[in-house]
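Peer 1: Make a model of this:
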Amino acid sequence: MSNGKKLRKVRNIGIIAHIDAGKTTVSERILYYTGRSHKIGEVHDGTAVMDWMDQEQERGITITSAVTTCYWKGHEIHLVDTPGHVDFTIEVERSLRVLDGVVAVFCAVGGVEPQSENVWHQADKYHVPKIAFVNKMDRIGADFGQVLDQMVEKLGANPLPIQIPVGSEADFRGVIDLLEMQQIVWLEETLGAKYEYVDIDSDLMDKALEARDNLIAKVAEFDDALMEKYLEEQPITAAELIPVIRRATLELKLVPVLCGAALRNKGIQPLLDAVVNYLPSPLDVPPVVGINPLTGAKEERHPSAQEPLSALAFKIFMDEGRKLTYVRIYSGSMTVGSQIYNASKKTKEKLSRIFSMHANKRERKEKAEAGDIVALMGMKSATTGDTFCDPSYPILLEPIDVYEPVISMAVEAKTRSDQEKLVGSLAKISEEDPTFKFNEDPDTGQIIIRGMGELHLEVLLTRLERDYHVSVRAGKPQVVYRETIQKEASAEGVFDREIAGTKHFAKVTIMLKPRARGKGNITSIEVDPDKLPEDFVQYLEQGVDDALNSGIIMGYPVTDVETIITDIAYDEQNPSDLALRVAASIAFKEACKKADPLLLEPYMTVEILTPEEFLGDVINDLNLRKGRIESITTKKAVQMVKALVPLSKMFGYSTDLRSATQGRATFAMQFSHYDVVVDQNSVGT
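Peer 2: Here you go, the predicted model:
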């Protein structure tokens, strides 16, 4: 089979959703019905193939994205199951960066939940086409129509139901395929492996006809020939609809929606058909664009094995001390033993092994080509977001966005032998997980670890003990604050010192201006070019960066500041890069002192689902936590409260909420933005 024909039958897809919507349960059924697994793994009893880590099986949640390959109707599907918990958002972000299409799973009861919105917008950012699967149609409170409405209202999506459910809650027994106008029934005794197309129940025929008419009307908007037939009331077949739905899905104009109950083994095979019919192959995706590091020019790489190699490292994983680098190959090919160029690190590395992954199991390959997602061994310097390419045709692809940690914790080793292994083990974990950072506090000598939430740090500490055999004592979680300024100010910094017989002198003048919240930092240089040799620019910027990393109030990073270097002076006979760097740093800190510095803290968007009788208690509690109620909406028998709350007030909230609502309320929380600390004097107490 030619490379083009092979690629036409490849699907690189991910499964994304809010925690507990049933992503891993859907993945496990896909593996079973495609013949990849010989028995169905279950999340609730710790036997899920895709949740292979001990902690995932114990907690019943996905922590790390797992990659596998399966086959359906002659198509090769590379499947990535991603976490749903907000603390592990980086796993979704880096997976979406390399996937061509996604299946978004929604709970028929919960609908579009906070993390569903988050991952959906991440997919939009990378222009990834989507199909939706409304899961748990057998649960009490399941409402297919409500999920469709929420997709429009919360996601701005254009959902296209290509199925409707037959019954719901305990009465859910199958689906109606609106394209073929047939009912699909799954045979319980075969664990859903066998299913039949039967005539639609007579009492559902009117509803099905109306739903099909709505479907055709919506699809016809994207095709003139179809619109003509529709207006003339001519019959329209599934074969005519599918290519138009596919085209509109690839253009992000439609989202085909299916439904089922994965735990009851209903709905998965038509979902696989939809993956094949509507999600893109590597050939349907625009060529990947990167920068040639030698010329600075933009270049394209087309999905073909004949093009020069380009691949993106999207995940690093330490497996029994060996480093595995997961890559998506966009163009060209790589073979075992060949030399490939890491354009991000400017190093050449020898590729010792290539693996096709099935969760944590590996199959060795001699060669991998455009369109493949594989794991490589031997990439010593690789980190998340690095580009691998042909040394003769270098290219730098856009790196992966990384989130800044919002929570920190002090840790110390329990024994001397643990102390010796601690920093090395933390370095390996941070190599795997770009949202995990650590450093040594110069004042106390303690190691400070930082992450995306309490669960994130808890999981990493358990990994430290189990995988790296390092025992630590951990302090209480602390909030990672930021510092900023409130007004414009200028200052000059002077460094004039003799070191080892050499005089170092520089004087730098800096002006600071506050920026809008969330806009980040920018640095510019407004110095006469004749006074500033080109290679000095980096020293000045480095000095500013050093100062930005440690503010003057409590040493937290500084944000939302515009820095303008307005003047410099130095010894032209003996210019010193050290003096320029330090003088820039001193000037920045002096200007900061004059600019009314203040602390910022992370605010979280919190969504709480609570029975109505506890609504008052929930709102009172949020008010005590300095929360700001954004909205209260009724969802059937429960109330949904949306609020903005400082992270510092949210520690231990899950326990308090359970106590206040007899365990009947649930909540989800995600980072919103940094804003002014409510009580500046309480920080650090």
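Peer 1: Quick one: name whatever helix or strand follows the lowest-mean-pLDDT helix or strand in the chain.
Peer 2: For the chain, counting by mean pLDDT, DSSP states H and E, helix 54-59 ranks last in confidence among helices and strands (a mean of 42). Of the helices and strands lying after helix 54-59 in sequence (DSSP states H and E), the nearest is strand 66-72.
Peer 1: From the contact counts, what lies against that next one?
Peer 2: On a contact count with 3 or more CB pairs under 8 Å, 6 or more residues apart in numbering; DSSP states H and E, strand 66-72 meets helix 23-33, strand 75-81, helix 268-278, strand 353-358. From N, CA and C alone the C-beta is placed, and that goes for glycine too.
Peer 1: For I510, see how far away the closest residue to V537 other than its chain neighbours is.
Peer 2: Nearest residue to V537 in three dimensions, chain neighbours excluded: I525, at 6.3 Å (CB to CB, 6 or more residues apart in numbering). Per CB to CB, to the nearest Å, I525 is found 10 Å from I510.
Peer 1: neighbour-wise, which of the two wins?
Peer 2: Just comparing I525 and I510: by other CB atoms under 10 Å the higher neighbour count belongs to I510, 30 against 16.
Peer 1: contacting residues for that one?
Peer 2: I510 makes contact with 490-493, 544, 563-566, 584, 587-588, 591 under the criterion CB atoms under 8 Å, 6 or more residues apart in numbering.
Peer 1: Which members of the residues you listed are positioned in strands?
Peer 2: Among these, the members found in strands (DSSP state E) are 490-493, 563-566.
Peer 1: What subset of those residues is buried?
Peer 2: Buried subset of the ones in strands among the contacts of I510 (neighbour count, 16 or more other CB atoms under 10 Å): 490-493, 563-565.
Peer 1: quick one on the thing from earlier: show me whatever sits in contact with both of I525 and I510.
Peer 2: Shared contacts of I525 and I510, defined by CB under 8 Å, 6+ apart, are found at 564-565.
Peer 1: those helices in the stretch 551-685 of the chain, which residues are they?
Peer 2: Assigned by DSSP state H, counting those that start in this stretch, the stretch 551-685 of the chain shows helices spanning 577-594, 615-624, 653-660.
Peer 1: I'd like to know which of the ones you listed lies nearest to Q234.
Peer 2: Nearest of these to Q234, taken as CB to CB: helix 615-624 at 53.5 Å.
Peer 1: Show residues contacting the closest one.
Peer 2: Residues from elsewhere that reach helix 615-624 (CB under 8 Å, 6+ apart): 606, 608, 610, 629, 632, 639, 641, 643, 645, 656-657, 660-661, 665.
Peer 1: I'd like those residues laid out as JSON lines, including pLDDT, neighbour count and distance to G192.
Peer 2: Formatted as JSON lines, the contacts of helix 615-624 follow (pLDDT from 0 to 100; neighbours: other CB atoms under 10 Å; distance: CB to CB, whole Å):
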{"residue": "V606", "pLDDT": "86", "neighbour count": "25", "distance to G192": "37"}
{"residue": "I608", "pLDDT": "85", "neighbour count": "25", "distance to G192": "35"}
{"residue": "T610", "pLDDT": "85", "neighbour count": "23", "distance to G192": "35"}
{"residue": "I629", "pLDDT": "93", "neighbour count": "15", "distance to G192": "43"}
{"residue": "I632", "pLDDT": "90", "neighbour count": "15", "distance to G192": "40"}
{"residue": "Q639", "pLDDT": "84", "neighbour count": "20", "distance to G192": "36"}
{"residue": "V641", "pLDDT": "91", "neighbour count": "22", "distance to G192": "37"}
{"residue": "A643", "pLDDT": "93", "neighbour count": "23", "distance to G192": "41"}
{"residue": "V645", "pLDDT": "92", "neighbour count": "21", "distance to G192": "42"}
{"residue": "D656", "pLDDT": "86", "neighbour count": "13", "distance to G192": "41"}
{"residue": "L657", "pLDDT": "85", "neighbour count": "21", "distance to G192": "36"}
{"residue": "A660", "pLDDT": "87", "neighbour count": "16", "distance to G192": "40"}
{"residue": "T661", "pLDDT": "84", "neighbour count": "21", "distance to G192": "36"}
{"residue": "A665", "pLDDT": "79", "neighbour count": "21", "distance to G192": "33"}
